[in-house]
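A.B. asks: missing the sequence, but the structure's below:
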């Protein structure tokens, strides 16, 4: 699977606040890992309609562009 296809299929969150919000809303991440180059923790989510809806809500509440 190409990098582009992975990004189309999955959503990677590097924000604990954002990940906690998604979990509170009832979603479950696929995996939690540490990026090997940046050494930063991230969660990987299925990119579906519910996730996109919740990300829109999160961004409105937290005024993220």
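C.D. replies: Ah, there it is. Given the structure is predicted, the values throughout are model-derived calculations rather than measurements.
A.B. asks: any idea which strand is longest in the chain?
C.D. replies: Looking only at the chain and at elements set by DSSP state E, the strand with the highest residue count is strand 41-46.
A.B. asks: List the buried residues in the helix or strand following that one.
C.D. replies: Going down the chain from strand 41-46, the next helix or strand is helix 49-62, by DSSP states H and E. Burial within helix 49-62, assessed by neighbour count using 16 or more other Cβ atoms under 10 Å, is assigned to 51, 54, 55, 58. C-beta coordinates here come from the backbone N, C-alpha and C atoms, glycine included.
A.B. asks: Ok, stretch 6-23 next?
C.D. replies: For stretch 6-23, by 16+ other Cβ under 10 Å, it's 10, 11, 13, 18, 19, 21, 22.
A.B. asks: Over to stretch 29-42?
C.D. replies: Buried residues in stretch 29-42 (16+ other Cβ under 10 Å): 29, 42.
A.B. asks: what does it contact?
C.D. replies: Contact partners of stretch 29-42, identified using Cβ atoms under 8 Å, 6 or more residues apart in numbering, comprise 10, 12, 13, 14, 16, 19, 22, 23, 43, 44, 45, 46.
A.B. asks: ok, now with 6 Å
C.D. replies: Stretch 29-42 is contacted by residues 12, 14, 43, 44, 45 when judged by Cβ atoms under 6 Å, 6 or more residues apart in numbering.
A.B. asks: Just give me the neighbour total for the third one.
C.D. replies: The number of residues packed near residue 43 is 22, by other Cβ atoms under 10 Å.
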